[in-house]
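J.: Here is a sequence together with a model predicted from it:
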Amino acid sequence: MSGLTPIYTALQQHAGKDFLRLHMPGHVGKGIKQEALFRLTTLDLTEIPGLDDLHLPAGVIKESQELLAQAFGAGKSYYLVNGATSGIHTLFLALNQEGEEVLLPRNAHRSFYGGLVLSGATPVYIPVQVESELGIALAVTAEDVNRLLISNPDVNNVFISSPSYYGTSCDIAGIAGITSTHNKLLLVDEAHGAHFAFSPLYPRPALESGADGVVNGLHKTLPVLNQGACLHLSPRLADDAGIAKTLSLLTTTSPSYPILASMELARQFMEGNGERLLEKSYRLSREYRQKINAITGLSCCEQELQTVTGVTGLDPLKILVSVRGSALNGYQFAALLRDKYGIQVELDNPNFILAMFSIFHDRNDWEKFYQALQAIAGAYPGRGGWSKVELPPIPLMLLTPRQAFRASYHKVPVKDALNRVAAEMIAVYPPGIPCILPGELINQEILDYIIYLGKSEVRIQGPQDPSLEYINVIE
């Protein structure tokens, strides 16, 4: 069964019949002349007979989703062609009524905020554990989830992110035990962890650990076209008609068959080759982490991350390199890697660079990265400064995210924003924890912090004016 590819097979069969296409899309299989794109157009079809309907699957898509569920151990799985964001929005909207409370981490992906706006749910924030030296948010703890569920008994469900952007995973099993005790659903944004299901050397998948609903961004770690993602449901939620109805509401009525086929082929590929390739990558990671640690001035962070409270695992393919012992900061390191060595990392920061490896990077790729790090560190010996950002307490929420989103707002100088209600998010990235969100009160402590951010060199996400001379506030 694992070798079956019903969607891709049906597309290939249709493409081989040389139909006169009198239907969407407009390129009709031949209107794009560039050779690379032309090959894609042969599979870029629409919901014609034999190719099923993503909104009401009864044929090849239904069969393919069943194969996907088997591969990931789900009670039911859905393809997402609008990215992982659509799965997160679906769970918020389908499982929460306006005004109901949802427990979630403060550093959640921006799609969580969209889910709060769509559903009208009220957030209750879980403290996020931060690695203090690097200043990155890594995990939430089971103890904090339990404490907040006791003090907020009306919380409807718990929605967390694991793994983090930096590859650290939470104690999903422990949290699932707590949510089960409180009779709450546990939902997990596992966008960066789709590969976990195919090797025991990697962190345990959220679904296997007891989560009720899980979203995977398949394109992030598997050979899948951008926007390809999936939503997995445990047997407890597998027959939830509200989730299916909501997903249909939020999903495009013109789904991309190339994206669907890429997800199906990736599932087939991982079932046949995933464990072997993930083991190979794991061993390369072990070897090159040690080599990088031996470079003067650099540190391939592992122990530092795993000792943070709440962290139970680490993705070997996320290579976080601290540059705090070097004369260069992370921005300078990343620029040299890119401009001199042709290496583009995933993220740079004053304190570190983050490299994201995959199962398709071979030994030569790992060696190239290592040699470049060694050469740069050797050319710039010494020790520079490093940045540490202290976050203020979470501010008072006066309006829910939905109320704030729908409210009128205008721009004011930051110095005039005291005791106003924010209409936009301001977050230092990393760690990615907002100091203010729409609907929250800008008190003196928050205002002083925003003014400080405007004078610093940290990377800011969210505000319309990134210089922070002005801020949008609700009228």
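T.: Received it, and whenever you're ready, just let me know what you need. Numbering: from 1, shown residues only.
J.: least trustworthy helix or strand in the protein by mean pLDDT?
T.: helix 35-41 (a mean of 70; mean pLDDT, DSSP states H and E).
J.: Over to residue 147. Which of the three states is it?
T.: helix (DSSP: H, G, I helix; E, B strand; the rest coil).
J.: And the longest strand along the chain, what does it pack against?
T.: Among the elements of the chain assigned as strand by DSSP state E, the one spanning the most residues is strand 155-161. Helices and strands touching strand 155-161, by 3 or more CB pairs under 8 Å, 6 or more residues apart in numbering; DSSP states H and E, are helix 84-95, strand 101-105, helix 142-151, helix 172-181, strand 185-189. Bear in mind the C-beta positions are built from the backbone N, C-alpha and C, glycine included.
J.: right, and residue 255 touches residue 80 too?
T.: No - contact criterion CB atoms under 8 Å: residue 255 and residue 80 do not qualify, at 9.6 Å.
J.: Which of those two has more residues huddled nearby?
T.: In terms of neighbours (other CB atoms under 10 Å), residue 80 is the more surrounded of residue 255 and residue 80; the figures are 28 against 19.
J.: What's opposite that one in the beta bridge?
T.: In this entry, residue 80 is beta-bridged to residue 229, by DSSP bridges.
J.: quick one: contacts for it?
T.: Residue 80 makes contact with 86-87, 215, 227-231, 247, 251, according to CB atoms under 8 Å, 6 or more residues apart in numbering.
J.: circling back: can you list contacts of the longest strand of the chain?
T.: By CB under 8 Å, 6+ apart, strand 155-161 touches 88, 91-92, 95-97, 100-105, 107-109, 112, 115, 121, 124, 126, 140, 145, 148-149, 170, 175, 179, 184-191.
J.: Show the subsequent helix or strand relative to that strand.
T.: For strand 155-161, the following helix or strand on the C-terminal side (DSSP states H and E) is strand 168-170.
J.: Give the partner strands of that following strand in its sheet and their orientations.
T.: Counting by DSSP bridges, strand 168-170 is paired with strand 311-314 (antiparallel).
J.: to the chain's geometric centre, what's the distance from the partner strand?
T.: Chain-centre distance of strand 311-314: 16 Å, with CA atoms, centre = their mean, to the nearest Å.
J.: And the contacts of the helix or strand following that strand?
T.: Reading on from strand 311-314 to the C-terminus, the next helix or strand found by DSSP H and E is strand 318-322. Residues outside strand 318-322 that contact it (CB under 8 Å, 6+ apart): 133-134, 163, 166-167, 192, 285, 288-289, 292, 298-301, 304-305, 351-357, 369, 373.
J.: Mark which of those residues are buried, thanks.
T.: Among those, those classed as buried by 16 or more other CB atoms under 10 Å are 134, 163, 166-167, 192, 285, 288-289, 292, 298-301, 304-305, 351-357, 369, 373.
J.: Inside strands: which ones of these?
T.: 299-300, 352-356.
J.: what's the closest of the residues you listed to residue 432?
T.: Taking CB to CB as the measure, residue 432 lies nearest residue 354 of those, at 12.4 Å.
J.: Could you give the number of residues near the residue lying closest to the closest one once chain neighbours are set aside?
T.: Setting aside the residues directly before and after it, residue 354 is nearest to residue 347 in space (CB to CB, 6 or more residues apart in numbering), at 4.0 Å. Using other CB under 10 Å, residue 347 is surrounded by 19 other residues.
J.: Residue 347 is in contact with residue 431, isn't it?
T.: No - Residue 347 is not in contact with residue 431 according to CB under 8 Å; the separation is 11.9 Å.
J.: Please determine how far the residue nearest the centre of the chain is located from residue 218.
T.: Centroid check for the chain by CA atoms, centre = their mean gives residue 191 as the closest residue, at 4.2 Å. According to CB to CB, to the nearest Å, residue 191 and residue 218 sit 9 Å apart.
J.: Look up the residues that both of these two are in contact with.
T.: Shared contacts of residue 191 and residue 218, defined by CB under 8 Å, 6+ apart, comprise residue 229.
J.: what's the longest helix in this protein?
T.: Looking across the chain with DSSP state H, the single longest helix is helix 275-293.
J.: Can you mark which positions in that helix are buried?
T.: Within helix 275-293, the residues that count as buried by 16+ other CB under 10 Å are 277-279, 281-282, 284-285, 288-289, 291-292.
J.: With pLDDT and distance to residue 341 added, can I get these in a markdown table?
T.: As requested, these are exported to a markdown table (pLDDT from 0 to 100; distance: CB to CB, whole Å):
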| residue | pLDDT | distance to residue 341 |
| --- | --- | --- |
| 277 | 94 | 25 |
| 278 | 96 | 27 |
| 279 | 97 | 28 |
| 281 | 95 | 21 |
| 282 | 97 | 25 |
| 284 | 96 | 19 |
| 285 | 97 | 20 |
| 288 | 97 | 16 |
| 289 | 97 | 19 |
| 291 | 97 | 16 |
| 292 | 96 | 15 |
